[in-house]
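> after the sequence you'll find the predicted model.
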Amino acid sequence: MTFWEWLKLGIENKFCSEGKCDTHEGLYDVMTQWERDEYEEGGDPCIPVLRVWPHGYEMDDEPSE
């Protein structure tokens, strides 16, 4: 299984959200309703973000796609 097949499987099975750019898109649309409610009421819900690197890539590598 390739990285992209694995990622697609995770998205299709709702193990993770589709990719989002936190810098440009933010994560508001992947928050649960209770997180949105808390956020809008001035709360600060913790929303863990996980960056997944394809096999063989490291943080400082140039992207190939």
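Perfect, I can see it now. Everything quoted here is computed from the prediction, not taken from an experiment. Residues are numbered from 1 along each chain as shown.
> isn't His30 up against Lys20?
Slight slip there: residue 30 is Val, not His. Yes. Applying Cβ atoms under 8 Å as the test, Val30 and Lys20 come out as touching, 6.3 Å apart. Every residue, glycine included, has its C-beta placed from N, CA and C.
> what residue of this structure is the furthest out?
Glu41 (23.6 Å; Cα atoms, centre = their mean).
> measure that one to Thr32 for me?
14 Å (Cβ to Cβ, to the nearest Å).
> so which bits of the worst-scoring helix or strand of the chain on mean pLDDT are buried?
Across the helices and strands of the chain, mean confidence by mean pLDDT, DSSP states H and E is lowest for helix 3-12: a mean of 88. By 16 or more other Cβ atoms under 10 Å, the buried positions in helix 3-12 come out as Leu7.
> following that helix, which helix or strand shows up next?
Following helix 3-12 in sequence order, the next helix or strand is helix 33-40 (DSSP states H and E).
> mind showing which ranges of the protein have poor pLDDT?
Within the chain, the segments meeting pLDDT under 70 span 55, 58-65.
> point to the residue nearest the middle of it.
Gly19 (5.1 Å).
> and the gap between that one and Glu25?
9 Å.
> do Ile47 as well
Taken as Cβ to Cβ, the span from Ile47 to Glu25 is 14 Å.
> now swap in Trp34 and tell me
21 Å.
> leaving out sequence neighbours, find the closest residue to Asp22.
Leaving out its chain neighbours, the residue that sits closest to Asp22 by Cβ to Cβ, 6 or more residues apart in numbering is Val49, at 6.5 Å.
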